[in-house]
Structure formats: C-alpha cells, structure tokens
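Novice: Sequence and computational prediction follow.
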Amino acid sequence: MSRSEKTVVWFRRDLRIDDNPALATAAKEGSVLPLFIWCPADYKQYYPGRCSRWWLKQSLGHLRKSLESLGCPLILIHAEDSTLAALLESVHSTGATRVVYNRLYDPISLVHDDKIKNELSALGISVQSFNGDLLYEPWEVYDENGQAFTTFNMYWEKCMNLPLDISQPLAPVRLVPVPGIDNVRGCSIDDLGLESSKDEESSNALLSRAWSPGWCNAENTLQEFVSYGLLEYSKHGMKVGGTTTSLLSPYLHFGELSVRKVYQLVKMHQVKCENEGKSEAEESVQLFLRSIGFREYSRYLCFNFPFTHERSLLGNLKHYPWRSDEDRFKSWRQGMTGYPLVDAGMRELWATGWTHNRIRVIVSSFAVKFLQIPWIWGMKYFWDVLLDADLESDILGWQYISGSLPDGHELSRLDNPEVQGQKYDPDGEYIRTWIPELARMPTEWIHCPWDAPSSILEVAGVELSFNYPKPIVELHMARECLDDAISTMWQLDTAAKLAELDGEVVEDNMNNIRSFDIPKVVLKKELSPSTSSIYQRMPSSSGQKKKLQPMEVTNASNMEDTGSTAKSQVSRKRSSDYLQQKAERNGAGKVEDNDSEDSGTSISRPSKRAA
C-alpha cells in the first residue's frame, strides 16, 4: 500500500486508540476517515438495552476526544436504512479507496459483515478486516480431524499448545484526515439517539456514579485490578457482595480494552508468582486466565455453530417441553420468586445493569430448571438489561446452564437456592441490600423465610404473600416437574427419529412458545448451503449420558404446581401414543413411561427423596 491510501476506519466494538490493528494500519499507510455508524435497523431483535447504549454513548465521546487530539475527528452517522448505504456515501464523499475494520464474531455480525464486504468488493472498494478481539481466531483451533471442539477443556488445551503472538500495534501519534472529510454528513452524539427519553437520561445518571466508560479509563481499571485484585481472585471472586471481580467485561465488550493487553499483563504476573513460589496467587492468576479462555470460547462457538443464538447445540433439546408461562417469567424478572438470593440478584440486575457472574449463573439456572422458562427468553432479557451485554458470552452462559452443551450443567441438575445463599452470601448482607423487606431477618432464617417461626417473621416485619412472596414453586415440585420434562423430552426425541424414518415430521416444541418480543427459534427442514456444512459439525446427543442428580437439600412444604397446559398435554399424549405404536410395530414391546432410549442411552427417573 502507498502512503497516499485513503481509508475509512469503520469503528464498531473496538472503541480505543491503543492496540487497534485497523486504525494502526490505516494511519501508517495514508489518510484516514474514522467512522461510527449507528443503524438501529441492523440490530432488529437484538437492539441494545438502555444501560448498554448509555455505555456506548460515553465511550464514543471519549474516543472522539482522543481522535481529535491526534488531528482527526470521529464522524458519527445515524443511518435510517442501512450501514452499507452510510459507508458508500462516506466513500463517495471523500474518494476513499479502502474500508478497514476489526472483526466481530456474534451470529448477527457474521452475516451482516459478510454481506457488506461482498457489496463493497463488488463495487471495486478494497476491504480489509483484522483481529482486534481475540487471542486465537476461531478457524485456527480444530481437532485432528478438522472439526470444531464442543467442550471448553479440549478447546482451551489446544489453544495453550498453539503459538501465540501477543504483539500489539503501536498507537498512532498523529492522524491525517482524508481530503474532503468535511463533506461527510455527520451528526452529534446526542443526535444518534442512544438515550431515547428524559426518563432514560435520568436513570442513566445513576450509572455514571459507579462506572467510567472510555478506553483510557479501561486502562486504569485494568491496572487497579492487577495491582489489588488479581492475586486474591480465587479467594474473593465467589463472594457476591462488594467489588470482588475484575469489572473489565464492559470495557472488553466495547473494545475499549484489548484482550491481548489483558492476557499479556496477567501472564507477566503468573511468571512472577511462579518464580516467587506463591501458589495461592498463582491459582488466582490461572483462574482469571481461564475466564479469558471462556470469553474466547464464546466467540469460537458462535463462529463455528452460528445457530446457537436460536437453538441448543445438543439436538435433543429441541424436544424439551419448555413452559411459555409469562406470569412466572414476570415474577423472575421482577425478583418476586420467593427465593431471596434469586430475587436479590434479579433486583440488582434491573436497578444497575450489573450483577456478579455467580449470581448470573444462579438466576439463570433457576429460570430454566425451577420455572422451565425457555433459555432463549432469559438470554434475551439479559441482553436487554445488562450493562456489559455480550451476545456471544450470553449464548455460552445460557446454553451452559440449560444442559445445551456437552460439558455444561447436566440437564437434570437442580441447585437449591437456599444452599447457594448460605454458600455465597453466608451473612445475608447481599440479600439485605437488595431486598429491604428482609432487612431485619436474622441470618439464620434469611435464606429460608418460609421456614421461620411466626414470631421471628413478626419481629422482622415480614408477612409472607403480603410484603414478600412465598416460593413460586416448592423444591420438591420443581424436582418432579424437571424429571417429568426430561422423560417427555426423550420420548419426543425418540418419536421424532422414528417418524423421520417414515418421512414424517414431529413438530418442534419451540414452535408453540409465544415470543412477545423474545426471539423465536427458526427451524428449517432443509438448511441452506451456507449453513449446511456447519450444521454437520453439530454434536448429536449420542453418547452424552446424563446422570440425574438428587437435590442438595429439600426444605419444602406443599404447594400446588400449575402443571402443563392442556395443549401440551395433548401433544405429549399424541407423541407417546405414536412412540408406543411404532415400538410395537418394530417388535420393541411396550414402552415404559419413565424409560426412553436415545442412541442406546437409557434415561430413567430417579427415586424421589423425601422432603
């Protein structure tokens, strides 16, 4: 490339000057047009939530000042129709000959970016993309047969045995704006419409008290964590109250911080700990490096299995009888389930757009296992409210806890919220912070107010079902319903396989789920050529033996469960009858209700434990 190259630098989730390959390359080879395009139409059902948009607005203001100090403005464009049209108009207005950007790996961006690249290339405009988000590109890490890994440990072990270049391009000291940059019709940050109402602005004012977006502030947060939190990460990282995590996730999501820089700095501390024989500190460093690995893995899964934002990685779960219960979903969102740790987590999430990763796991598991809410609903809600909403990470997290991954939580796993509260919030301070109704409850009873004597409740000012709800579903009922759902899933899965042998189709359970703005699963009988090769890599449930686990503790009184809808009962009856007829026709004899087979794996309901 010549020094006279005129390049559009298309910013997205790489809002930094330092270690920005696209910006560094463009600055070295000629004049630049830094450009950010906000096009709500591109996001569709994944339009960012209020807290995420607030962070983006602050980060853009920070980036704009940094670019101006280097001699070049950041052009902001609010595109009504499409990002492509805005890019083309900017190219034509300045005579730019090239567009560069840093790659994204979520399913929406993969399709979007490929389309834009093809359109620009067809018009004779040079397009170049860079890795500004990962340590390892997704296409660099495959097994010996060239197949994508579907378990984290195998993936990360392979990564750790690959050579890694963590060199970082130097930040430009000066930028030359492209001739005609003033011809590009930009707008102010406020005109992007990232804060859509006065109410949003008022709510967002609270966020600025706790967070400082921007790439320079990201550097400060990283240095503070490495200096004061990293070496005790394993000891304090599981405490749900207070600041016990790195708080780097929003900076990493918006690309204000390079993952290469984080990894390099942490590895330096790892070597130092090894040399000084600090085993506990080394354990903390290893644990944090593993969390970086999970971030890498989330992008890896989305790239190699781009359907994972719509359906489970394990195919049998498409027959799981999820409950499209809007009332339960609302109680979960509002923190009114009657389980204090779950409710505290959901209230903190709604109020601040943030909660500890351990709490995210607990509330997610409760939604899909206790309430049997479709995991896609929960994932979409997290996307709507999280400050650090990250589609790739959300997909990995929700698939992991819902039993959708080969190495995730077992589908039959049911964690007791009371036990988890005693483990992660032993003094109950986190609960008291977010549930003022329970602020005066003694620690002995704060995780199980339903078991507290009436005298204790009266002194604490707690009236169950009046100012704080009773459990939305009792533990033993949740266990029974989960076991029934798993049994039904395997029956439907077997029926579907038998039906396909006869050229018939068994309807996917997700098709009956009402979405109310929650994205639906799109299922096709025949996949397009663009996805068929990737679909072949999807692991089957063969050999994935799921061991049903008993409850940790049962502390439950009787409470009537609402059960399944009449429609789902009819559907299950028809599928069961179909399964029975097929089995008898093939000489398999009578099929027991509690035992079904899938590729030779027998699943049976465990004996119930006494309450």
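Specialist: Thanks, I have it. Computed from a prediction, not measured in an experiment: that's the story for all the values here.
Novice: how much space is there between residue 387 and residue 344?
Specialist: Distance, residue 387 to residue 344, by CB to CB, to the nearest Å: 18 Å. From N, CA and C alone the C-beta is placed, and that goes for glycine too.
Novice: more crowded one of those two?
Specialist: More neighbours surround residue 344 than the other of residue 387 and residue 344, with 27 against 22 (other CB atoms under 10 Å).
Novice: Quick check: nearest residue in space to the more buried one, chain neighbours excluded?
Specialist: Spatially, and ignoring its direct neighbours in sequence, residue 344 is nearest to residue 434 (4.0 Å; CB to CB, 6 or more residues apart in numbering).
Novice: Next one, pLDDT for the residue nearest the centre of the chain please.
Specialist: Centroid-nearest residue in the chain, with CA atoms, centre = their mean: residue 394, separated by 0.6 Å. We have a pLDDT of 96 for residue 394.
Novice: Number the residues from 21 up from this point.
Specialist: Renumbered: residue one is now 21, and that last one reads residue 414.
Novice: what about it, is that helix, strand or coil?
Specialist: Judged by DSSP: H, G, I helix; E, B strand; the rest coil, the three-state class of residue 414 is helix.
Novice: so it makes contact with residue 404?
Specialist: No - contact criterion CB atoms under 8 Å: residue 414 and residue 404 do not qualify, at 10.5 Å.
Novice: can you give me phi and psi for residue 54?
Specialist: Dihedral angles phi and psi of residue 54 (degrees, to the nearest 10) take the values phi -70, psi 130.
Novice: Show me where the stretch 71-220 of the chain has its strands.
Specialist: 95-98, 118-122, 146-150 (DSSP state E, counting those that start in this stretch).
Novice: To residue 206, which of these lies closest?
Specialist: Closest of the strands of the stretch 71-220 of the chain to residue 206 is strand 95-98, at 4.2 Å (criterion: CB to CB).
Novice: From the chain's centroid, how far away is the closest one?
Specialist: Distance of strand 95-98 from its chain centroid, counting by CA atoms, centre = their mean, to the nearest Å, is 28 Å.
Novice: what are the pairing partners of it, and which direction each?
Specialist: Sheet pairing for strand 95-98, assigned by DSSP bridges, gives strand 50-58 (parallel).
Novice: Tell me how many other residues crowd residue 75.
Specialist: A total of 27 residues lie near residue 75 under the criterion other CB under 10 Å.
Novice: send the alpha carbons of stretch 443-451 over as PDB?
Specialist: Written as PDB, here are the backbone C-alpha positions of stretch 443-451 (Å, rounded to 0.1, in the frame of the first residue of the first chain):
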ATOM      1  CA  LYS A 443     -22.500 -20.600  50.400                       C
ATOM      2  CA  TYR A 444     -22.200 -17.400  48.500                       C
ATOM      3  CA  ASP A 445     -23.900 -14.900  50.900                       C
ATOM      4  CA  PRO A 446     -23.400 -16.500  54.300                       C
ATOM      5  CA  ASP A 447     -24.200 -13.400  56.300                       C
ATOM      6  CA  GLY A 448     -27.100 -12.400  54.200                       C
ATOM      7  CA  GLU A 449     -25.800  -8.900  53.600                       C
ATOM      8  CA  TYR A 450     -26.200  -9.100  49.800                       C
ATOM      9  CA  ILE A 451     -29.900 -10.100  50.300                       C
END
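Novice: what distance separates that stretch from the middle of the whole chain?
Specialist: In terms of CA atoms, centre = their mean, the centre of stretch 443-451 is set 25 Å apart from its chain centre.
Novice: So, low pLDDT: which residues of the stretch 221-370 of the chain?
Specialist: Residue ranges of the stretch 221-370 of the chain with pLDDT under 70: 257.
Novice: Skipping adjacent residues, who's closest to residue 308 in space?
Specialist: Nearest residue to residue 308, sequence neighbours excluded (CB to CB, 6+ apart): residue 253, at 5.1 Å.
Novice: Identify the residues contacting the helix or strand the one you found falls within?
Specialist: Secondary structure from DSSP states H and E places residue 253 in helix 253-256. Applying CB atoms under 8 Å, 6 or more residues apart in numbering, the contact partners of helix 253-256 are 249, 264, 266, 300, 303, 304, 305, 307, 308.
Novice: isn't there a helix covering the second one?
Specialist: No - secondary structure assignment places residue 264 outside any helix; it is coil (three-state DSSP).
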